[in-house]
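Enquirer: I would like to see how this sequence folds:
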Amino acid sequence: ERENTLQRQREGIDLVLEDRKNGKDRAYGRPPARISATFAGNYKLWKDGKITAIEFMKKENLPRTTFYRLVKRYEESYS
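Expert: Sure, this is the predicted structure:
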């Protein structure tokens, strides 16, 4: 089973390398989390104390770690 796993992994890596060699710049893996259009409004409500962080996460449908990563990115970019 381990040999099969390593073989499949090698095949996937080879496909990526072949694509890059041929100039195809496709994204592989999980797409990065993005700041939504509603994020700024919810951020202001959260910072003003009108909603909790949990409410903010639920509104944006974000897990905790992603929420705090996006907050940090937002604060670095827009503050």
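Enquirer: Check which helix or strand Thr65 maps to.
Expert: helix 64-78 (DSSP states H and E).
Enquirer: buried ones in that helix?
Expert: Using 16 or more other C-beta atoms under 10 Å as the test for burial, helix 64-78 gives Phe67, Leu70, Val71. All C-beta atoms are positioned from the backbone trio N, CA, C, and that covers glycine.
Enquirer: Point to the helix or strand of the chain where mean pLDDT is at its lowest.
Expert: Ranked by mean pLDDT, DSSP states H and E, the helix or strand of the chain with the weakest confidence is helix 2-21, at a mean of 90.
Enquirer: CSV for the buried residues of helix 64-78, including pLDDT?
Expert: Shown next, in CSV, are the buried residues of helix 64-78 (pLDDT from 0 to 100):
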residue, pLDDT
Phe67, 97
Leu70, 97
Val71, 97
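Enquirer: quick check, nearest of these to Arg30?
Expert: Top of the list for closeness to Arg30, among the buried residues of helix 64-78 and by C-beta to C-beta, is Leu70 at 14.6 Å.
Enquirer: Identify the residues contacting the most centrally placed residue in the chain.
Expert: In the chain, the residue lying closest to the centroid (C-alpha atoms, centre = their mean) is Ala33, at 2.4 Å. Residues near Ala33 by C-beta atoms under 8 Å, 6 or more residues apart in numbering: Leu62, Thr66, Arg69, Leu70.
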